[in-house]
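Colleague: Turn this into a structure:
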Amino acid sequence: MKQKRPSIKDIAKALNVSITTISFVLNGKGEERKISKEVIKKIEDYVEEINYRPNQVAQSLRTGKSKILVFMVEDIGNRFFAKIARIIEDIAYEKGYKVLFCSNENNDKRSRELIRVFHERQVDGFLIIPSPGIKKDIENLIKSDIPVVLADRYFEDLDVHHVVINNYAAAQNATQHLIDNGYKNIAFISIDTQQIQMKDRARGYRDAVQQAGLSPTVLELPFEEIHKPEGKNKIKALLTGSNGIDSVFFSTNYLTQASLEIIKELDPKLIYDLGIVTFDDNEFFRINTPSITAVAQPLQELGEELMRIMFKLLKKSDKEIPVIKSVLDAELLPRESSKKK
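Modeller: Numbers count the residues shown, from 1 in each chain. A predicted model of the protein is given here:
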């Protein structure tokens, strides 16, 4: 027969202490409520002895709070997203919250399923790096008074709290860096998408090239082709074509990593001749030979700002707070791959 789960009432009876006192101690408010250290220790020792675990479902029904947040990203295995996730997790833990992480693979169907599942489980808030077609789903969460903060990208015609970087300025600066170092035929390789962050990066690249009197060369790959032969063949064709590409600006780190393999396959010397700049930095780019120039996003600041907004929303109704649109600056880290020609 399954043993009955002990309740706060059972603990109170066993220790001859009030239920309120037990509750304060279990919620970490013992000292704040002037409960003696002896009583706090007695309660903590006893709950450890009986392996007491609060009924989270009952607790969330009683308080209206699950103390759980969701962080939905494109790919939790990507260093960029994983780093932000760790920052968020640490901040949440300090505030008594736990975070559930999930990947939507930039796929709308998967995003909707994840949102539905977690909404039904009454999580307290969503931090989302959205796939391109879920504007309506985000809007429905907001209408349900669920705290939502978008990261990295947003929907231009939807008023929603978000934290992004100035992608246009970062891309324009990175392209200008290549121009200043003597590169004339700069290609921009990106994802075929209408998402705002990629549009702004492409716009920054185009404006810098055209202002310098040069011609833009853009290759946009469908997301699902990046690691497939079709995508690799398009990159090879661009690099070996007759347009004399002397440098490449990659719009995101996973495109860079996939393309570096292709470049080395084509000609081991080519990687030393091409100018290369990537969006998003990681350890691999620092230790690669040659080291890769990167646009580094302020991950610590980004994670902290996301959580600052989220906890502001958790304290008040979303409808009571004007939409917060936070834009941060990125930093260009020049390395060997973009040295002067």
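
Colleague: all contacts plus neighbour counts: C-alpha atoms, from now on.
Modeller: Noted.

Colleague: packing partners for the one helix or strand residue 249 maps to?
Modeller: Using DSSP states H and E, residue 249 sits in strand 247-250. If you count contacts as 3 or more Cα pairs under 8 Å, 6 or more residues apart in numbering; DSSP states H and E, strand 247-250 packs onto helix 167-180, strand 186-191, strand 275-279.

Colleague: Residue 199: neighbour count?
Modeller: Neighbour count for residue 199, taken as other Cα atoms under 10 Å: 18.

Colleague: Please report the confidence value the model assigns to the nearest residue to it once chain neighbours are set aside.
Modeller: Using Cα to Cα, 6 or more residues apart in numbering and skipping residues adjacent in sequence, the residue nearest residue 199 is residue 193, 7.8 Å away. If you check residue 193, the pLDDT there is 92.

Colleague: do residue 96 as well
Modeller: Listed pLDDT for residue 96 reads 89.

Colleague: OK, contacts around it?
Modeller: For residue 96, the contacting residues are residue 67, by Cα atoms under 8 Å, 6 or more residues apart in numbering.

Colleague: A strand includes it, no?
Modeller: No - with DSSP: H, G, I helix; E, B strand; the rest coil as the criterion, residue 96 is assigned coil and is not in a strand.

Colleague: Give me the phi and psi angles of it.
Modeller: Dihedral angles of residue 96 (phi, psi; degrees, to the nearest 10) stand at phi 80, psi 20.

Colleague: For residue 89, see how far away it is.
Modeller: 10 Å (Cα to Cα, to the nearest Å).

Colleague: ditto for residue 329
Modeller: 23 Å.

Colleague: residue ranges of the strands in the protein, please?
Modeller: For the chain, the strands defined by DSSP state E occupy 68-73, 98-103, 125-128, 148-151, 162-165, 186-191, 217-221, 247-250, 275-279, 293-296, 325-328, 331-333.

Colleague: Looking at residue 329 and residue 89, which is more packed in?
Modeller: Taking neighbours as other Cα under 10 Å, residue 329 and residue 89 compare with residue 89 leading, 21 against 15.

Colleague: In contact with that one, which residues?
Modeller: 98-99.

Colleague: re the thing from before, need the helices and strands packed on strand 247-250 in CSV (columns: distance to residue 210).
Modeller: Listed next are the helices and strands packed on strand 247-250 as CSV, based on distance: least, Cα to Cα, whole Å:
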stretch, distance to residue 210
helix 167-180, 11
strand 186-191, 11
strand 275-279, 18
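
Colleague: who wins for proximity to residue 135 among the ones you listed?
Modeller: Closest approach to residue 135 among those is made by strand 186-191 (19.5 Å; Cα to Cα).

Colleague: Neighbouring strands - and their directions - for that closest one?
Modeller: Strand 186-191 pairs in its sheet with strand 217-221 (parallel), strand 247-250 (parallel), by DSSP bridges.

Colleague: Please work out which of these is packed deepest.
Modeller: The highest mean neighbour count among those, using mean count of other Cα atoms under 10 Å, belongs to strand 247-250: a mean of 24.

Colleague: send the alpha carbons of that strand over as CSV?
Modeller: Taking Å, rounded to 0.1, in the frame of the first residue of the first chain, the C-alpha atoms of strand 247-250 are listed here in CSV:
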residue,chain,number,x,y,z
SER,A,247,35.5,38.2,-47.8
VAL,A,248,32.3,36.9,-46.1
PHE,A,249,30.1,38.2,-43.4
PHE,A,250,28.0,35.5,-41.8
